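# whatever this is, show me its structure:
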Amino acid sequence: MPAIPNRVWVPYCGAAPDPGEWLARWNFDPVVVAILVMASLYCALRRGSKQQKTTLGIAIALGFGLFVSPFCALTSALFSARVVHHILLGAVVAPLLAMSFPPYRRPFGSLAGWTAVQAVVFWAWHAPELYGWALSSDAAYWLMQASLLGTALAFWNAVRLAAIPTAIVALLVTMVQMGLLGALITFAGSPLYAPHFATTIPWGFGPLEDQQLAGLIMWAPGAALYLAAALALLARWFGREGGKATAR
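Numbering: from 1, shown residues only. All right, here's what the predicted structure looks like:
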């Protein structure tokens, strides 16, 4: 096990909690709460289809879960919880937000470009140095969150606009890169993320075990979300082609 650095890590969600206290660690940052409350009011009052209002409502509820609930504090203790946070943000919240509004159709980059940019951003924030920076500065933390969500939102918007075969390829490429990063984290021979060298001990396992769990989460369920989206598009494509064949 690596030596624990003298530096005290105080991430945005607060110092890492112990198991006995984390359920009481709500984050009532007035700015975050105000943004989510205003988003909730907008969702309730906006005009639009029932489906759009539902998807937006779910996305906002997940926002409360990720940034206000005790799960926010848990991400300070466990890298595996942080990975769950990032996966939910990019693979669940982002597509829900994309489906809540009409697709942005003006030229705004290609699907191939956003697939690459999203991958670069995701990999970059899981590099140990940048990750450590994000957990030592509120500004860096929000830069991480904004860039992860922003690139993912642009990616899912491009998926909606692309031809189904092209969208399926982009989703499969994203699945592969997510799985590859997860595998690299899983099979790393030593702990990589300094902010969690000591924070996992009260939870009953070491930083390497936490890191391996995080890698497995990214490798399996994380990548599987993109596979599920690709399969859903494939089923829609087959349905359309079958309908055309029947019409003939």
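# which residues does the lowest-mean-pLDDT helix or strand in the chain contact?
Lowest on mean pLDDT, DSSP states H and E among the helices and strands of the chain sits helix 223-247, with a mean of 83. With Cβ atoms under 8 Å, 6 or more residues apart in numbering as the test, helix 223-247 has contacts from 87, 91-92, 95, 159, 164-165, 167-168, 171-172, 174-176, 178-179, 182. Any C-beta I mention is one placed from the backbone N, CA and C, and that applies to glycine too.
# just the buried ones from the residues you listed?
87, 91-92, 95, 159, 164, 167-168, 171-172, 174-175, 178-179, 182 (16 or more other Cβ atoms under 10 Å).
# inside helices: which ones of these?
87, 95, 159, 164, 167-168, 171-172, 174-175, 178-179, 182 (DSSP state H).
# so which bits of the helix or strand Tyr141 falls within are buried?
Assessed by DSSP states H and E, Tyr141 sits inside helix 138-161. For helix 138-161, the neighbour count (16+ other Cβ under 10 Å) marks 140-141, 144-145, 147-149, 151-160 as buried.
# before we move on, the earlier item: tell me the angle of the least confident helix or strand of the chain relative to helix 138-161?
Interaxial angle, helix 223-247 versus helix 138-161 (axes from the mean of the first three to the mean of the last three Cα atoms, to 10 degrees): 20 degrees.
# roughly how far is helix 223-247 from the heart of the chain?
Taking Cα atoms, centre = their mean, to the nearest Å, the mean C-alpha location of helix 223-247 is offset from the chain mean by 24 Å.
# mind listing what's buried along it?
Applying 16+ other Cβ under 10 Å to helix 223-247 flags Ala223, Leu225, Tyr226, Leu227, Ala229, Ala230, Leu233 as buried.
# could you do stretch 125-134 as well?
By neighbour count on 16+ other Cβ under 10 Å, the buried set for stretch 125-134 is Trp125, His126, Tyr131, Gly132, Trp133, Ala134.
# for the second one, grab phi and psi.
Dihedral angles of His126 (phi, psi; degrees, to the nearest 10) stand at phi -100, psi 10.
# check contacts around it.
So His126 contacts His86, Leu181, Ile185 (Cβ under 8 Å, 6+ apart).
# I'd like to know how many residues surround Ser80.
Residues near Ser80, counting by other Cβ atoms under 10 Å, number 24.
# who touches stretch 66-80?
Contact with stretch 66-80 is made by 9, 11, 13-17, 22-29, 32-33, 36, 65, 81-82, 85, 88-89, 93, 135, 193, 195-196, 199-200, 202-203, 207, 210-211, 213-214, 217, as judged by Cβ under 8 Å, 6+ apart.
# repeat that for 7 Å
With Cβ atoms under 7 Å, 6 or more residues apart in numbering as the contact definition, stretch 66-80 has outside contacts at 11, 13-17, 22-23, 25-27, 32-33, 36, 65, 81-82, 85, 88-89, 193, 196, 199-200, 203, 210-211, 213-214, 217.
# narrow the residues you listed to those in helices?
Among those, the members found in helices (DSSP H) are 32-33, 36, 65, 81-82, 85, 88, 210-211, 213-214, 217.
# centre of the chain to stretch 94-113, how far?
17 Å.
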